[in-house]
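Undergrad: Coordinates only, no sequence provided:
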């Protein structure tokens, strides 16, 4: 059985079409004081239920809606409750970076399990260690093949240099580089304040190359703009950007428009704003087939890791 919250109904519809199972009816309303109420329109007793709800902005609202849905399913005796989070909110807070910091990614894992989640499906986490925050099975998917296929179709057999925008993202960029059979470069940077960066230098040869910057998400696009400038200064011919999650918060589209970037490719893990959808530099590709295949394999008890071999 498939259910979809209000965070990304279009992705839910696409997943439903790929699986070949209609979305079960569910009414989600809010009381006058803003509290959520959920009513599932048919029996879930004994069903293997998959709830699709990325916890993208508005993060707190989408999480609370999901918690209430999970609780309703648990109390209605679903046989297994699978939470499908194409975007995992608070994932960038997976460790303490200063004294007395919270670890919000772990807190969300606790909340999801208390609410009733018995299995998680997530997509391109900011840090793979977040899987260990759960005491239930976690299937961590990646959109690397989808993004690599798009960029290869765009550039054909032209030589490409894949670039990690920081040292921490090297493994992610290396996976794309392997798929594209391309060399890898790394941008060394420091972030003096949250959401600001100072690019120091490019490690690797990018002169006269078409560069593809790979990241897990784009929020303010400061990293993107800084990376593009550094690559241009080192002689890159063009820069494209691949990111699974297009958060694109306030000011991001303006930075993208002004940056030395030809195309920014994101997935539909998060719905694009009307302005982002109209941007000539922003392209969206769908992860619905990937998530749908994972859902079918989990339901049938087959391997999910086989998707990425």
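TA: Received, thanks. Source: prediction; values computed, not measured.

Undergrad: if I pick residue 242, what's in contact with it?
TA: When contacts are counted by Cβ atoms under 8 Å, 6 or more residues apart in numbering, residue 242 touches 147, 148, 150, 151, 176, 212, 213, 214, 215, 265. (Each C-beta comes from the backbone N, C-alpha and C, glycine too.)

Undergrad: In the chain, mark out all the strands, start to finish.
TA: 2-4, 26-30, 36-40, 48-52, 80-85, 119-123, 138-141, 160-164, 184-190, 198-203, 210-218, 238-246, 263-267, 282-285 (DSSP state E).

Undergrad: what number of residues lie near the closest residue to residue 202 other than its chain neighbours?
TA: Leaving out its chain neighbours, the residue that sits closest to residue 202 by Cβ to Cβ, 6 or more residues apart in numbering is residue 234, at 4.8 Å. Neighbourhood size, residue 234 [other Cβ atoms under 10 Å]: 17.

Undergrad: ok, now how distant is the nearest residue to residue 161 once chain neighbours are set aside from residue 66?
TA: Spatial nearest neighbour of residue 161, chain neighbours left out: residue 209 (4.4 Å); criterion: Cβ to Cβ, 6+ apart. Per Cβ to Cβ, to the nearest Å, residue 209 is found 43 Å from residue 66.

Undergrad: and what of residue 51?
TA: Distance, residue 51 to residue 66, by Cβ to Cβ: 7 Å.

Undergrad: Now do the same for the residue nearest to residue 161: its pLDDT.
TA: Note on residue 209: pLDDT of 95.

Undergrad: quick one, what contacts it?
TA: Neighbours of residue 209 in contact, by Cβ under 8 Å, 6+ apart: 159, 160, 161, 235, 236, 237.

Undergrad: Just the buried ones out of the residues you listed, please.
TA: Buried members of those, scored by 16 or more other Cβ atoms under 10 Å, are 160, 161, 236.

Undergrad: contacting residues for the residue nearest to residue 202?
TA: Contacts of residue 234 by Cβ under 8 Å, 6+ apart are 202, 206, 207.

Undergrad: could you flag which of the residues you listed are buried?
TA: Buried members of the contacts of residue 234, scored by 16+ other Cβ under 10 Å, are 202, 206.

Undergrad: Include distance to residue 42 when you put the contacts of residue 234 into a markdown table, please.
TA: Below are these laid out as a markdown table (distance: Cβ to Cβ, whole Å):
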| residue | distance to residue 42 |
| --- | --- |
| 202 | 56 |
| 206 | 55 |
| 207 | 61 |
